[in-house]
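> I'd like to go over a predicted model; first the sequence, then the structure.
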Amino acid sequence: MNRYPKPIENLIESFGHLPGIGRKTAERFVFFLLKRTKDELFTFSNHLKELAESQFLCPECFNFSESQGLCPICSSSTRDRSILCVVEEVHDLNVIENTNAFRGLYHILGGKIDPIEGIGADRLNVRQLLDRLKSNPIQEVILALNPDIQGEGTILYLKQLLKQSNVKITLLARGLPMGGDIEYADEVTLSNALRGRQEI
């Protein structure tokens, strides 16, 4: 039996589908909204409606775009079009962009291969990546995926696939973070740090 009237329960259930949001947090969101004015609620619902009706993915890299055309990065004449950085999601692109250390282009996979969750390569933007390599003068592909089990599996899959493309394939350097303590580093991090050691 519902604790609250149906419209409130429905909204609690909708908020509960958001990642990391449990029932109590969903209830807090709804109770917060119940204290807003009707104008504020209509503005909020209109923003959700706009989100549902908009098509703002860049057709080239799958980044967000203000229009139905290319995103600002893909349309920029100052970017290095010979280097392509492959990331999992849009927020990964934003983190790399904030460093101001990369001036190439991006390709967003839209996730990583995860058999347990039923996500195969066919559900990612892998075919589009191969199409870009065929039709653009790309010389290097940086695989900038998260170093977890699914990320490593996706990297291995892409590495095999991209071997046929005659492009240089690189990974982000992995190892000890600045300020890290060797005593507390795990074996995988230390192994990566040793493999990625540089001459000074």
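Structure received. Numbers count the residues shown, from 1 in each chain.

> Let me know the secondary structure of residue 147.
Reducing the assignment at residue 147 to three states with DSSP: H, G, I helix; E, B strand; the rest coil gives coil.

> Could you give the number of residues near residue 4?
Residue 4 has 13 neighbouring residues, counting by other C-beta atoms under 10 Å. Where C-beta positions appear, they are placed from N, C-alpha and C, glycine not excepted.

> surely it meets residue 11?
No - using C-beta atoms under 8 Å, residue 4 is not in contact with residue 11, being 9.3 Å away.

> C-alpha coordinates for the lengthiest helix in the chain, CSV please?
For the chain, the helix with the greatest residue count under DSSP state H is helix 38-53. In CSV, the C-alpha atoms belonging to helix 38-53 read as follows (Å, rounded to 0.1, in the frame of the first residue of the first chain):
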residue,chain,number,x,y,z
LYS,A,38,3.6,26.3,-9.3
ASP,A,39,5.8,28.5,-11.6
GLU,A,40,9.0,26.9,-10.4
LEU,A,41,7.5,23.4,-10.9
PHE,A,42,6.3,24.2,-14.4
THR,A,43,9.8,25.6,-15.2
PHE,A,44,11.3,22.3,-13.8
SER,A,45,9.0,20.1,-15.8
ASN,A,46,9.6,22.2,-19.0
HIS,A,47,13.3,21.6,-18.6
LEU,A,48,12.6,17.9,-18.5
LYS,A,49,10.4,18.2,-21.6
GLU,A,50,13.1,20.1,-23.5
LEU,A,51,15.6,17.4,-22.5
ALA,A,52,13.2,14.7,-23.9
GLU,A,53,12.5,16.5,-27.1
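
> And that helix, how far out from the chain middle?
Relative to the chain's own centre, helix 38-53 is displaced by 25 Å; criterion: C-alpha atoms, centre = their mean, to the nearest Å.

> got it, and stretch 69-83?
Offset of stretch 69-83 from its chain centre (C-alpha atoms, centre = their mean): 18 Å.

> Just the residues contacting that stretch, thanks.
Contact with stretch 69-83 is made by 58-61, 63-65, 97, 102-106, 136-142, as judged by C-beta atoms under 8 Å, 6 or more residues apart in numbering.

> Just to be careful, could you list which of the residues you listed are in helices?
Those of the contacts of stretch 69-83 lying in helices (DSSP H): residue 97.

> Show the buried residues in the contacts of stretch 69-83.
Among these, those classed as buried by neighbour count (16 or more other C-beta atoms under 10 Å) are 58, 60, 61, 63, 65, 102, 104, 105, 106, 138, 141, 142.

> export the residues you listed to TSV and tack on distance to residue 76 and pLDDT?
As requested, the buried ones among the contacts of stretch 69-83 are exported to TSV (distance: C-beta to C-beta, whole Å; pLDDT from 0 to 100):
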residue	distance to residue 76	pLDDT
58	12	93
60	12	94
61	12	96
63	12	95
65	12	87
102	13	93
104	11	96
105	9	97
106	11	97
138	16	95
141	19	95
142	18	94
